[in-house]
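Trainee: After the sequence you'll find the predicted model.
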Amino acid sequence: MQLDKQQLPPEKFERVVIDNDSAERITKPSLSFWQDAWLRLRKNKAAIVSMVVLVLLVLMALVGPHLNGRSGDVQNLRHANLPPKIPGIEKLGIFNGVGELGGQKLDLYEVKKVDEYYWFGTDGLGRDLFTRLWEGTQISLLIAFIAALIDVVIGVAYGGISGYFGGRTDDVMQRVVEILIGIPTLIVVILMILIMEPGITAIIIAISITGWIGMSRIVRAQILKFKGQEFVLASRTLGASHNRIITKHLLPNILGIVIINTMFTIPSAIFFEAFLSFIGIGLQPPAASLGTLINDGYKVMEFQPYVLLFPALVISILMIAFNLIGDGLRDALDPKMKD
Amino acid sequence: MAEKLLEVKNLKQYFNAGKPSEVKAIDNISFDIYRGETFGLVGESGCGKSTTGRTIIRLYDATDGEVLYDGVSVHGNKSKAEVKSLNQKMQMIFQDPYASLNPRMKVLDIIAEGLDIHGLVKNAKERKQKVIELLETVGLNKEHAERYPHEFSGGQRQRIGIARALAVNPEFIIADEPISALDVSIQAQVVNLLRDLQKEKGLTYLFIAHDLSMVKYISDRIGVMYFGKLVEMATAEELYKNPMHPYTKSLLSAIPLPDPIYERSRVRTPYNPNDHKYGPDEKVEFREVTPDHFVLCSDKEFAQMKKEIK
Amino acid sequence: MEKILQVKDLELSFHTFAGEVKAIRGVSFDLKKGETLAIVGESGSGKSVTTKSIMRLLPESSSEFKNGQILFDNKDLTKLPERDMQKIRGKEISMIFQDPMTSLNPTMPIGKQVMEPILKHQKVSKAKAKEVTIELLKMVGIPNAEVRYKMYPHQFSGGQRQRIVIAIALACNPKVLIADEPTTALDVTIQAQILELMKDIQKKVDTSIIFITHDLGVVANVADRVAVMYGGRIVEVGTVDEIFYNPQHPYTWGLLSSMPSLDLEEERLYAIPGTPPDLLNPPVGDAFALRSEYALKIDLEQAPPMFQVSDTHYAATWLLHPNAPKVEPPASIIERMKTFPGSRYYETKGGNV
């Protein structure tokens, strides 16, 4: 420990009066929870890339079916089983319309005398796979979003009521959930589809019928946690109504968790729809979803791998993107990760 | 004698009543709080002091007994208007400055919550004006109104909690361990603020804490709780000078003071509840040993204490 | 006396989303054999970070040693590889944490938990280790240790759990025991018992203790020497009597006078205004100046060096500079100084030492 050797002018040692306000001043800029979360999310490259990719995929799902003017369900047997051929890229030696025919590598477009370009090729009925892929993506996403929305609505309401009112209400509601969760989902789904006309509605109902349970449990646990916290007690001592406590204090605090959970519900709904369609109890032809497309491609995997390739790629990218966004949101929104 | 503001009569609060897991959090306690005074309630964790505060302010329904505020019973079926008026007269300050403010709300909205619920302001401008006044009362300023709780330090948050309680102009404030989560240098700020407010607005406090030195400083009278029972009650001075119940003695002897010389000679008196050796038919009651000094004791102990005084 | 541990000019930063938080800004102290050094300060003062950096318990990904050394056994702990550090942790230096509820593994019998470090760091047989374990449990005051040895943490009360945590920390006869607010989560009566136990044990096993707390009462009870930390620096260090009866730094004055005394009747408590500094942008000069009524011009420009008060007593405040004006400390501090021989307010007649 050193003693001060340097000479300091005496006027430096005048006493100063410090304004008390300066000690209370907060220098940091004011950020709301959501602004703060966005700052965190922005630093997560994987999540941001995933968001961009997801936006592109959704855009393509919306405009893709109209890009080349072909309809997804028009059959043209003369143009059946064409491999992909994309203008420009064809010169690189891929996607140039070359496929196998009778053990020989040939440009099938020349063989069949087709002048048009089928970007992702055609299937056995001569339907344009590019259009069908984006139609399928559209339907898959639609099913997933609606199913997730239903999950959120039922899950939050059910879990919220159960957790908030507690006691007997909670007991009864939780027993119901336990019974529901005891029934294997697949059996319920198969029964549902046997009774109902297979189609989008049936699949959505099938996915939602037990899908909300996970959400309701998470919401209930969160509500139980928050309703005992002192800020809720404080609001009660001020005489706040149930309505006010729920909308002002509880919901805003569980919103983060609900969003994160939804981000994981959507890909699992996409996957479940694909699975149902793949095993043949989902969408019925000629309607396309990623699941039916993969099913179609799987049948001709050895001869025309491109039929499987594109829908498989899209579904994989969707899954990864949703999961990465979900992870990013969790890091950004979960208060436990703070600082 | 001063006017009684709050009367607690034979209050009982059992959790899981009737089940094997029954917990007697409050076991038949009675005390009064006079208008304008600070009543301190001390005891160790789990002794029921916080439950007492929460039961008084109706966060819990009492199992048995009565709480009278200004002569009116607090519990039981009440009309909306009665509940509202009680909510306005009785307010609470909480222990944990981190959990007691909603992290998603701006300070402005947190403090204004009581104003909104009770319709105390007419428009947004008046609302903001009132909040700024309250912020200034607790030593903060208007720049703080637009910020979120996580931007404040513990002491500042606790002051925001006080401002929220003050917004509805209460007469009686239950302070539930308001300083135990704060740093030493900040504790004094909050305690001074509470005292200033009391003088200015004529508030009555129930001050719940486990830190006896602060309680002694802020309280006029103190009650000591042990396992759901009030074991001793006296004025602050009297309790520190002449503790009579062995538990109070043990508690006082355990406080370390910032005085090394005193610390080197301090002898702790341990307390063992079995030392009372109460017989099966002995009546253990809350008795007034000297004027205004009550002790939970048996007949025999009562006689003994009386003798020691003379 | 032999110096067991030396911390020299330690600087440490955390990298957070918001930027670099300078948690420790040049801390130096040493720990002598067999003594108890208390580090006092409020939350965010850097007291816990200092000891965690001695144990190297801070996340490597977000914390960074900027400067300085931690010398133990001729080794610089800031540069030691993790592998060697593991041999020191629990054996040479061990730690007691604040919360006895979370510092024990709830799924393991307590005996096993006490035995673990013995088996890990000492080459002894299981039977011998068990013997030592039971001895340790007895020493920390667990009655009926032979039977309770097999019990799980939830079967013990909070105070007993903290005793078990202490037994684990002592299992390998560490040279240094770091106690991070070991009694903060406990009730006063239990706290008193644990403090007695720690003092007792220190006499028996002659270990050095670093005791971190914010409770000055506890400090007065256990410490031989005291270091007061503020804003990531040590602002005053001295023997317990020097700190309590002849404090020099305005922050120490503030801390001591903001506690009510049990026998004095004070109208108003002395309160330090404002809030602790934000170490993301630490203030220039003396970090405490912004809250101090004794601030000098120079405090706002230049951080004060350590001024020597006595052989054992140093304080970092410009008030000790020969050019500084003489200031009057708060009344309760003058009361304290009256009893201390060597202070400028010492009264020979009034002292009842």
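Mentor: Great, that's in hand.

Trainee: Assign B:L230 to helix, strand or coil.
Mentor: Per DSSP: H, G, I helix; E, B strand; the rest coil, the local secondary structure of B:L230 is strand.

Trainee: Quickly list what it is bridged to.
Mentor: B:M225 (DSSP bridges).

Trainee: For it, give me its contacts.
Mentor: B:I29, B:S30, B:F31, B:G223, B:V224, B:F286, B:F294, B:L296 (C-beta atoms under 8 Å, 6 or more residues apart in numbering or on different chains). In short, each C-beta sits where N, CA and C put it, glycine included.

Trainee: Restricted to strands, list those.
Mentor: B:I29, B:S30, B:F31, B:G223, B:V224, B:F286, B:F294, B:L296 (DSSP state E).

Trainee: Now do the contacts for the fourth one.
Mentor: Read that as B:G223. Contacts of B:G223 (C-beta under 8 Å, 6+ apart): B:F31, B:F39, B:G40, B:L41, B:V42, B:L230, B:E232, B:M233.

Trainee: Take those and lay them out in TSV including pLDDT.
Mentor: Putting those into TSV (pLDDT from 0 to 100) gives the following:
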residue	pLDDT
B:F31	93
B:F39	95
B:G40	94
B:L41	94
B:V42	92
B:L230	92
B:E232	93
B:M233	94
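
Trainee: Out of those residues, grab the one that's most surrounded.
Mentor: Using other C-beta atoms under 10 Å in any protein chain shown as the neighbour test, these are led by B:L41, with 30 neighbours.

Trainee: Just read off the phi/psi values of it.
Mentor: When read as degrees, to the nearest 10, the backbone of B:L41 gives phi -120, psi 120.

Trainee: now it, which residues is it bridged with?
Mentor: Bridge pairing for B:L41 - DSSP bridges - gives B:I208, B:G223.

Trainee: and the gap between it and B:K128?
Mentor: Going from B:L41 to B:K128 by C-beta to C-beta, to the nearest Å gives 36 Å.

Trainee: tell me the SS of C:F340?
Mentor: State at C:F340, reduced to three classes by three-state DSSP: coil.

Trainee: Without its sequence neighbours, what residue ends up closest to it?
Mentor: C:Y245 (3.6 Å; C-beta to C-beta, 6 or more residues apart in numbering or on different chains).

Trainee: Please point out which parts of the longest helix seen in chain A sit buried.
Mentor: Counting by DSSP state H, the longest helix found in chain A is helix A:129-165. Judged by neighbour count (16 or more other C-beta atoms under 10 Å in any protein chain shown), helix A:129-165 contains these buried residues: A:129-141, A:143-148, A:150-152, A:154-156, A:158-164.

Trainee: Quick one: the strands in the chain, in order.
Mentor: As the question left the chain open, I've gone with chain A. Assigned by DSSP E, the strands in chain A fall at A:98-101, A:104-107.

Trainee: Sorry, I should have been clearer: chain C.
Mentor: For chain C, the strands defined by DSSP E occupy C:3-16, C:19-32, C:36-40, C:63-72, C:75-76, C:93-96, C:176-180, C:208-213, C:225-230, C:233-239, C:307-308, C:314-315.

Trainee: Dump those to a markdown table, plus mean neighbour count, distance to B:R58 and mean pLDDT.
Mentor: Converted to a markdown table, the strands of chain C look like this (neighbours: other C-beta atoms under 10 Å in any protein chain shown; distance: least, C-beta to C-beta, whole Å; pLDDT from 0 to 100):
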| stretch | mean neighbour count | distance to B:R58 | mean pLDDT |
| --- | --- | --- | --- |
| strand C:3-16 | 18 | 42 | 90 |
| strand C:19-32 | 19 | 43 | 89 |
| strand C:36-40 | 25 | 41 | 93 |
| strand C:63-72 | 17 | 47 | 89 |
| strand C:75-76 | 14 | 60 | 88 |
| strand C:93-96 | 24 | 41 | 90 |
| strand C:176-180 | 24 | 40 | 91 |
| strand C:208-213 | 24 | 38 | 92 |
| strand C:225-230 | 26 | 43 | 94 |
| strand C:233-239 | 24 | 47 | 93 |
| strand C:307-308 | 18 | 57 | 91 |
| strand C:314-315 | 26 | 52 | 92 |
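
Trainee: Mind putting those into JSON lines with distance to chain A?
Mentor: As requested, these are arranged in JSON lines below (distance: least, C-beta to the nearest C-beta, whole Å):
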{"stretch": "strand C:3-16", "distance to chain A": "5"}
{"stretch": "strand C:19-32", "distance to chain A": "7"}
{"stretch": "strand C:36-40", "distance to chain A": "16"}
{"stretch": "strand C:63-72", "distance to chain A": "12"}
{"stretch": "strand C:75-76", "distance to chain A": "20"}
{"stretch": "strand C:93-96", "distance to chain A": "22"}
{"stretch": "strand C:176-180", "distance to chain A": "19"}
{"stretch": "strand C:208-213", "distance to chain A": "19"}
{"stretch": "strand C:225-230", "distance to chain A": "12"}
{"stretch": "strand C:233-239", "distance to chain A": "9"}
{"stretch": "strand C:307-308", "distance to chain A": "6"}
{"stretch": "strand C:314-315", "distance to chain A": "5"}
